[in-house]
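Enquirer: Model the structure of this input:
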Amino acid sequence: MPASVVRRNVRKYAGSAAVTDDREFPGLTHWIIAQEGWQAVADHALHWAETHDGRAAEGA
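Expert: Just a heads-up that it's a prediction; the model follows:
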């Protein structure tokens, strides 16, 4: 999926209750698990999930 389509989808959710974000990892394809650099993607995804899981706002 082209990055422009992803960015358009993120903009469409702006103002809704949905939590969205967009991050590109240059040089990596959709087959990330088999590529060097997959750890950076996993670290980013984990950090994003921990930041947006809702518990931080609830004081958990």
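
Enquirer: Please list the outside residues in contact with stretch 7-15.
Expert: 20, 21, 22 (Cβ atoms under 8 Å, 6 or more residues apart in numbering). Yep, even glycine has a C-beta here, placed from its N, CA and C like the rest.

Enquirer: Tell me if I'm right that the last one and residue 6 touch.
Expert: Translated: residue 22. Yes: if you go by Cβ atoms under 8 Å, residue 22 and residue 6 touch, sitting 5.7 Å apart.

Enquirer: which one of the two has more residues nearby?
Expert: residue 6 (14 against 11; other Cβ atoms under 10 Å).

Enquirer: Can you name the helix or strand that the more buried one falls in?
Expert: Using DSSP states H and E, residue 6 maps to helix 3-12.

Enquirer: Which parts of this protein are helices?
Expert: For the chain, the helices defined by DSSP state H occupy 3-12, 38-51, 55-58.

Enquirer: Mind checking the pLDDT average for the shortest one?
Expert: Right, the one you point to is helix 55-58. Mean pLDDT, helix 55-58: 55.

Enquirer: repeat for the first one
Expert: Mean pLDDT, helix 3-12: 91.

Enquirer: Now do that helix: distance to the chain's middle.
Expert: Centre-to-centre, helix 3-12 and its host chain are 12 Å apart (Cα atoms, centre = their mean, to the nearest Å).
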